[in-house]
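task: produce atomic coordinates for the following.
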Amino acid sequence: MKGFTRTETRFSLCGLNCALCSMHLGGYCPGCGGGAGNQSCAIARCSLEHGSIQFCWECPEYPCPRYEGFDDGDSFVPHRNRQQDIAQAQELGLDAYLALSEEKRGILEELLAHYNDGRRKTLFNTAVYLLPLEDLRSVMAALSSQPELDGQAVKERALAAVGLLQAAADRRGISLKLNKKPKECS
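You can find the predicted model right below:
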């Protein structure tokens with residue numbers, strides 16, 4: 001969107017974690033306000049109308065009607081943690097929150113580099129996005145403690161990683177599937 005730029009592109013205006021988005025990681029998107037993109041984003045347009053605020057939570061009108069139904073469906077990243085992530089960023093401070101996101105990003109990159117059989121990118125991305133960092137650290141430690149995986153084909157390594165991530169998600173009652181936005185009835 002013309003005129004819409006932000007200095008921090010790893011955490012979006014609306015609270016989505018761009019640092020963990022597969023489109024951002026793949027170089028297909030510069031992140032919220034990082035360049036071309038967001039052509040039709042009503043929230044970006046609203047930011048411009050409100051003095052180019054960097055995060056919606058800085059606006060006295062937040063949360064506003066633009067957020068009604070916003071979290072009902074996912075995009076490339078889950079929307080379920082958006083409000084929780086905003087609260088955590090406010091509580092810890094943006095720099096500390098982004099440091100935690102960078103650790104998660106490192107875990108995601110490790111999963112994609114060593115455990116992706118070509119069919120797990122979305123699942124790994126969703127798991128890293130939704131699971132708490134301590135669970136992800138435990139999964140990675142469990143994978144590291146299985147030296148026999150080094151000699152296995154990537155399919156077996158992928159199954160081991162998926163099993164551990166799914167078990168962690170199940171313990172927390174978290175679904176690792178992206179939610180499709182409900183269709184509106186006409």
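
against residue 48, how distant is residue 144?
When CB to CB, to the nearest Å is the yardstick, residue 144 and residue 48 sit 46 Å from each other. All C-beta spots, glycine's among them, are computed from the backbone N, C-alpha and C.

give me the more crowded residue out of those two.
A side-by-side neighbour count of residue 144 and residue 48, using other CB atoms under 10 Å, places residue 48 first with 14 against 11.

check which helix or strand that one maps to.
Taking DSSP states H and E as the definition, one finds residue 48 inside helix 42-49.

contact partners of whichever helix or strand comes after that helix?
Downstream of helix 42-49, the first helix or strand assigned by DSSP H and E is helix 82-92. Residues from elsewhere that reach helix 82-92, judged by CB atoms under 8 Å, 6 or more residues apart in numbering: 11, 14, 15, 16, 17, 55, 57, 70, 71, 97, 100.

can you do 6 Å?
Helix 82-92 is contacted by residues 15, 16, 17, 57, 71, 97 when judged by CB atoms under 6 Å, 6 or more residues apart in numbering.

nearest residue to the last one other than its sequence neighbours?
Closest residue in space to residue 97, ignoring its immediate chain neighbours: residue 89 at 4.1 Å, by CB to CB, 6 or more residues apart in numbering.

compute the number of surrounding residues for that neighbour.
Other residues near residue 89 come to 21 when the count uses other CB under 10 Å.

any idea how far it is from residue 169?
Distance of residue 89 to residue 169, given as CB to CB: 23 Å.

done for today, thanks.
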